[in-house]
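>>> Let me see the structure of the following:
(4 chains)
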There are 2 protein chains.
Amino acid sequence: METKGARLEEWSQRIAEHGGRVTRPRRVVMQVLLEAETPLSPQEICTRARRRYPSLGLVTVYRTLDVLETLAVVRRVHREDGCHAYLPATPGHHHLLLCRRCGRAMEFSGWDALDGLIAELEAATGYRVEEHLLQLIGLCPRCYAQLKEGERG
Amino acid sequence: METKGARLEEWSQRIAEHGGRVTRPRRVVMQVLLEAETPLSPQEICTRARRRYPSLGLVTVYRTLDVLETLAVVRRVHREDGCHAYLPATPGHHHLLLCRRCGRAMEFSGWDALDGLIAELEAATGYRVEEHLLQLIGLCPRCYAQLKEGERG
DNA sequence: GCTGGAACTGAAAATCTTTTTCACTAAGGC
DNA sequence: GCCTTAGTGAAAAAGATTTTCAGTTCCAGC
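Just a heads-up that it's a prediction; the model follows:
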């Protein structure tokens, strides 16, 4: 697996190519995102990042996330409570698999079969489908195992 | 197709069964939802409802939507701008088909094939999938026809 | 048909997320 | 090292949503 350091490097390069500057606040935000186990809200990112760089402003977090989202290196997910959370994106078009217990997220792809379903639906309804949002919610292997154990105990 | 009047009646009954009261403000909000062509935000609902009942408060709209969502007669959809929109729900588990041009929404179901895909994914990842959110975005037949025409003209 | 109490209402204030403004700072090409 | 300009943080503003509260209305029980 690609190391966190390599990805930080890669992201920084993307920012530079895009005419942006790789500043200390931005680097800290990127590190927090890369180390996260779950999608994080701007507020959560700010809190964690301040442990390393206390003067960081929440506004800078928002602006950095904007940049990273534009570069398609992070993805934004909708949370039930109305606010947004961000996670590092893996390249290509991906769907999201979320654990309802620990919040862990995982992107997956390769669901070509979905395209067949969409074609069927287009034929049936007359709609033209251009993009889609698919999020699956459930339990990750670890949480599933823990819940099983709880039942036995 | 079931008439708007019948659905209003049905919703009112659900509220009463649930120990709630069917008041004038609630009835107006329900009417606006049933007449809508697209999902509406609380703000939009309030504006439309005030044409019929000017003293309606936005807070009451929020509270009524809460009740209706709890009763599962309306569904909440996430909008890109961060706020929420609501539309009458059709019974059962449905997915959403949205027109990016006019906003028209349509629920659909019967995608049993999706279950097969989910089973495959569970086997591959170890996750247990409990629920899913699927939204397809594209063009409704009307908007598609209009855009085609625009290209020709 | 009254009446009392609980459910409901609207306005205002509070809360929370996100955006804008602005004076100051610091990347990084030269 | 210097200069330009992108980037920064604080404060204020803008929205969406929730809470509070005093007053209103529904309706079950008489």
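>>> so which helix or strand takes in the residue sitting nearest the centre point of chain A?
Centroid-nearest residue in chain A: A:L87, 2.2 Å away (criterion: C-alpha atoms, centre = their mean). Element membership for A:L87 (DSSP states H and E) is strand A:84-88.
>>> Show me what that strand is packed up against.
helix A:24-35, helix A:42-50, helix A:58-70, strand A:74-78 (3 or more C-beta pairs under 8 Å, 6 or more residues apart in numbering or on different chains; DSSP states H and E). All C-beta spots, glycine's among them, are computed from the backbone N, C-alpha and C.
>>> Nearest residue to the residue nearest to the centre of chain A in space, please, no chain neighbours.
Spatial nearest neighbour of A:L87, excluding adjacent residues (C-beta to C-beta, 6 or more residues apart in numbering or on different chains): A:P39 at 4.2 Å.
>>> Excluding covalently adjacent residues, which one is nearest to A:H94?
Once flanking residues are discounted, A:H94 sits nearest to A:E107: 3.8 Å by C-beta to C-beta, 6+ apart.
>>> Could you list the domains of chain A?
A:1-89, A:91-153 (automatic domain parsing).
>>> Quick check: next helix or strand after the lengthiest strand in chain A?
The strand that spans the most residues within chain A, counting by DSSP state E, is strand A:128-139. Using DSSP H and E, the helix or strand that follows strand A:128-139 in sequence is helix A:141-152.
>>> Tell me the buried residues in that next one?
A:C143, A:Y144 (16 or more other C-beta atoms under 10 Å in any protein chain shown).
>>> just checking, what packs against it?
So helix A:141-152, by 3+ C-beta pairs under 8 Å, 6+ apart, packs with no helix or strand.
>>> Compute the inter-axis angle for that helix and strand A:128-139.
40 degrees (axes from the mean of the first three to the mean of the last three C-alpha atoms, to 10 degrees).
>>> Let me know the average pLDDT across helix A:141-152.
Summarised as a single mean, pLDDT over helix A:141-152 is 90.
>>> Which pLDDT value belongs to the residue nearest to A:L87?
Confidence score, pLDDT, at A:P39: 94.
>>> so how far is the helix or strand that contains A:E10 from its chain's centroid?
Following DSSP H and E, one finds A:E10 within helix A:4-17. For helix A:4-17, the distance from its own C-alpha centre to the chain's C-alpha centre is 16 Å (C-alpha atoms, centre = their mean, to the nearest Å).
>>> Quickly note the distance from the closest residue to A:Y86 other than its chain neighbours to DNA strand C.
By the measure of C-beta to C-beta, 6+ apart, the closest residue to A:Y86 outside its immediate chain neighbours is A:V74, 4.9 Å from it. As defined by C-beta to the nearest atom of the strand, to the nearest Å, A:V74 lies at a distance of 14 Å from DNA strand C.
>>> Could you report the distance from A:I45 to A:K4?
15 Å (C-beta to C-beta, to the nearest Å).
>>> Please identify which of the two sits among more neighbours.
Remark: of A:I45 and A:K4, A:I45 carries more neighbours, 24 against 14, as counted by other C-beta atoms under 10 Å in any protein chain shown.
>>> Is that one in contact with A:Y86, as I believe?
Yes - contact criterion C-beta atoms under 8 Å: A:I45 and A:Y86 qualify, at 7.2 Å.
>>> Send me stretch A:36-50 as CSV with only the CA atoms.
Extracted in CSV, the C-alpha atoms of stretch A:36-50 (Å, rounded to 0.1, in the frame of the first residue of the first chain):
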residue,chain,number,x,y,z
ALA,A,36,-8.1,9.6,9.7
GLU,A,37,-9.8,6.3,10.1
THR,A,38,-13.2,7.8,9.2
PRO,A,39,-14.5,10.7,7.2
LEU,A,40,-14.1,13.9,9.2
SER,A,41,-16.0,17.2,9.4
PRO,A,42,-14.2,20.5,9.0
GLN,A,43,-14.6,21.1,12.7
GLU,A,44,-13.1,17.7,13.6
ILE,A,45,-10.2,18.3,11.2
CYS,A,46,-9.5,21.7,12.8
THR,A,47,-9.5,20.2,16.3
ARG,A,48,-7.1,17.5,15.4
ALA,A,49,-4.9,19.7,13.3
ARG,A,50,-4.6,22.2,16.2
